[in-house]
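Enquirer: quick one, fold the following:
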Amino acid sequence: MTRPFSGDVAGYYAKYRRGYPPQAVDALQEVFGLGTEDVVLDLGCGTGRLALPLADRVRSVIGMDPEPDMLRLAGEAAAEQGIGNATWMLGGDRDVPALRTLLGRGALATTVIGNAIHWMRHEELFDALVPLLRPGGGIAVVANGTPLRLQENSWSPALRAGLERHFGTGLAPSCGTLPQDRDQYRQALGAAGLTEAREVVVEYTDELTPEQIVGGVFSAVPADRLPAPADRPAFAEYVRRCLPAGQETFTEHVRVAILTARA
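Expert: Numbering: from 1, shown residues only. Have a look, this model is predicted:
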């Protein structure tokens, strides 16, 4: 079975997916009082977009992801940045209970989960994470902006319509960024026994080139639906034609929503 984020998709992810603004990392550090004695778990870490900036603030970061290619690229990025306190572990949300044997109870200051949460069984996951958290630690569900195709701006609707025509299907998943998704996560955090739920929002605007938008689309296409290498230039041109003509850059408004709750 083809893994959705394997191979070239992981490479596009590493090159084109947006990172996290420093204010988001500041917010995580402040909420959980993160310091140089703490260990943080980034579950569904991908290529380390959040794990690596967190590593500068704590004793160590564990980046956990079910995709080996993502972890390989995360390790390469850590080496390039001279980060030596990040450990990369193969696994997903269902493997979290096994961490208790490895780490022990109360070993984690926090677990951060990005947009990958929409792939996870979040109710079971939150229950499994609680025993791993130190007092005052907690869980953060970080929505790193709305997917390009779902944004409310002048160019995203045309991009979404073009992709739906190409793939012959609707593109509904929000990656956990919609208000109703956030409400579900908040309720599940409370049901798991966590308290002081709050949401910090960091907003900014960015200018994207057509190449960045094309790369972002490529990074979101499952590996089994990604065009063959010989067909990718034509698909890239198709995506460009879905965008308004005559523009060199396209403005996006990014809303990073950080939902936190404490043990």
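Enquirer: count of neighbours near Gly75?
Expert: When neighbours are counted by other CB atoms under 10 Å, Gly75 registers 17. (Each C-beta comes from the backbone N, C-alpha and C, glycine too.)
Enquirer: in the stretch 1-150 of the chain, which ranges drop under the pLDDT threshold?
Expert: For the stretch 1-150 of the chain, the stretches flagged by pLDDT under 70 are 1-3.
Enquirer: now the helices for it?
Expert: Using DSSP state H, counting those that start in this stretch, the helices of the stretch 1-150 of the chain run over residues 8-16, 22-32, 51-55, 68-80, 96-103, 122-129.
Enquirer: for the fifth one, which residues meet the burial criterion?
Expert: Meaning helix 96-103. Buried residues in helix 96-103, defined by neighbour count with 16 or more other CB atoms under 10 Å: Val96, Leu99.
Enquirer: swap in stretch 255-263?
Expert: Residues Val256, Ala257, Ile258, Leu259, Thr260, Ala261, Arg262, Ala263 are the ones in stretch 255-263 that count as buried (16+ other CB under 10 Å).
Enquirer: in those, find the pair that's most separated.
Expert: By the measure CB to CB, Val256 and Ala263 form the most distant pair in the buried residues of stretch 255-263, at 23.2 Å.
Enquirer: where exactly do the strands run in the stretch 151-263 of the chain?
Expert: All strands of the stretch 151-263 of the chain, identified by DSSP state E, counting those that start in this stretch, fall at 195-208, 250-262.
Enquirer: tell me which strands the last one pairs with, and in which orientation.
Expert: Partners of strand 250-262 in the sheet, by DSSP bridges, are strand 133-144 (antiparallel), strand 195-208 (antiparallel).
Enquirer: any idea which of these is most buried?
Expert: Neighbour counts (mean count of other CB atoms under 10 Å) averaged over each of those peak at strand 133-144, with a mean of 22.
Enquirer: okay, the angle between that one and helix 122-129?
Expert: Strand 133-144 and helix 122-129 are oriented at 150 degrees to each other (axes from the mean of the first three to the mean of the last three CA atoms, to 10 degrees).
Enquirer: dump strand 133-144 to PDB, restricted to CA.
Expert: Taking C-alpha atoms only, strand 133-144 is exported to PDB below (Å, rounded to 0.1, in the frame of the first residue of the first chain):
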ATOM      1  CA  LEU A 133       2.500  14.600  31.300                       C
ATOM      2  CA  ARG A 134       4.300  16.300  34.200                       C
ATOM      3  CA  PRO A 135       2.300  18.500  36.600                       C
ATOM      4  CA  GLY A 136       1.600  21.800  34.800                       C
ATOM      5  CA  GLY A 137       2.300  20.200  31.500                       C
ATOM      6  CA  GLY A 138      -0.300  19.600  28.800                       C
ATOM      7  CA  ILE A 139      -1.300  19.200  25.300                       C
ATOM      8  CA  ALA A 140      -1.300  21.800  22.500                       C
ATOM      9  CA  VAL A 141      -3.300  21.300  19.200                       C
ATOM     10  CA  VAL A 142      -1.800  23.800  16.800                       C
ATOM     11  CA  ALA A 143      -3.700  24.600  13.500                       C
ATOM     12  CA  ASN A 144      -1.100  26.100  11.300                       C
END
